[in-house]
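[1] Need the 3D shape of this:
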Amino acid sequence: MILALRALGVGDLLTGVPALRALRAAFPDGKLVLAAPAWLAPLVPLIGGVDRLLDVPDLAWRGRLPPPAVAVNLHGRGPQSHRLLVSLNPARLLAFGPDGPQWRDGEHEVRRWCRMLRWYGIPADPTDLALPRPPCMSAGVTVVHVGAKAPERRWPPDRFAAVARVLAARGHRVVVTGNAAERAAADRVAAGLSGTRVLAGTTDLGALAALVANARLVISGDTGVGHLATAFGTPSVLLFGPVPPHEWGPPPDRRQHQALWAGPRSPGPPGAVHPALAELTPADVLRAVDRTVSRVP
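    Numbering: from 1, shown residues only. Here you go, the predicted structure:
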């Protein structure tokens, strides 16, 4: 068994896709088990080559798991994640640390894990990010995603609303997404826009992924929906802050994705929008939309 730990969210899973595929190619006869949250299950079949999704809490039931032939820490630099995998008694551990490659701050998340595997002699292609596109009943919509896990990464709803109004006037069928806690913000974005649907809090991950995969355009902050757009090749405008796009953004050579960032800024008050994100205006986003649309047939 090859056990890969990536117990994080949507964007984390998608930035780990090249590393997971590299493991599949390196161990073609081994059972590849991904240890990650169970709610990510709709995306796992799209990656290809993962034989089993193991919900992360199940790792605590060590007696139910045979010792892995190889345990791979795609979760972080340790030490907690290292200790968890070592406790499973793997024959071999691939990880950052004293006996492996060194962690580099500021490295792009995709390239980080590919570099780690290459250090162990496993070829990994950081451009291998694409997922097959699932079918969707609402193809061709423009997705405006208002949410983000951390408050400093949430662009203000009134600015999303200003962008949505212009896009709707241009003929875009705007759909506003987010989780249930972001429903009020989504309603503010859609207020007064005829024909705009609010799906915040109504879609599971599989439906959201299908919506993004078949969308005309995605506008989002630095969150999992942006990584879905990259994976499916859906044109996107992504707003970054505080983390820069050269660490978590789409590959810079993919011109259908526009990553906006105002540059490094000092952090703002706790719970407030990060100053680098706050500097981005609706006009900035609409100019990026025009650049994106001009590059997509």
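
[2] mind listing what's buried in stretch 189-197?
    189-190, 193, 196-197 (16 or more other Cβ atoms under 10 Å). All C-beta atoms are positioned from the backbone trio N, CA, C, and that covers glycine.

[3] what's the answer for stretch 50-67, then?
    Going by neighbour count (16+ other Cβ under 10 Å), the buried part of stretch 50-67 is 50, 53-54, 56, 59, 65.

[4] returning to that earlier point: any chance of the buried residues of stretch 189-197 in a markdown table, plus distance to T230, secondary structure and pLDDT?
    Converted to a markdown table, the buried residues of stretch 189-197 look like this (distance: Cβ to Cβ, whole Å; DSSP: H, G, I helix; E, B strand; the rest coil; pLDDT from 0 to 100):
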| residue | distance to T230 | secondary structure | pLDDT |
| --- | --- | --- | --- |
| V189 | 23 | helix | 95 |
| A190 | 25 | helix | 95 |
| L193 | 27 | coil | 87 |
| T196 | 25 | coil | 83 |
| R197 | 24 | strand | 92 |
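
[5] could I get the buried residues of stretch 50-67 as JSON lines with pLDDT?
    Output for those, formatted as JSON lines (pLDDT from 0 to 100):
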{"residue": "V50", "pLDDT": "97"}
{"residue": "L53", "pLDDT": "96"}
{"residue": "L54", "pLDDT": "93"}
{"residue": "V56", "pLDDT": "88"}
{"residue": "L59", "pLDDT": "71"}
{"residue": "L65", "pLDDT": "79"}
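
[6] of all the residues you listed, which comes closest to T127?
    Closest approach between these and T127, by Cβ to Cβ: V50, at 19.5 Å.

[7] which residue packs closest to P66, ignoring adjacent ones?
    Nearest residue to P66, sequence neighbours excluded (Cβ to Cβ, 6 or more residues apart in numbering): M1, at 6.2 Å.

[8] ignore the last one, G140
    Nearest one to G140, counting by Cβ to Cβ, 6+ apart, is R216 at 5.0 Å.

[9] what's the burial count for that neighbour?
    Neighbours of R216 under the rule other Cβ atoms under 10 Å: 18.

[10] got a list of what the residue lying closest to P242 once chain neighbours are set aside touches?
    Among residues not flanking P242 along the chain, H274 sits closest, at 4.2 Å (Cβ to Cβ, 6+ apart). Counting by Cβ atoms under 8 Å, 6 or more residues apart in numbering, H274 touches 152-153, 241-242, 265, 267-268.
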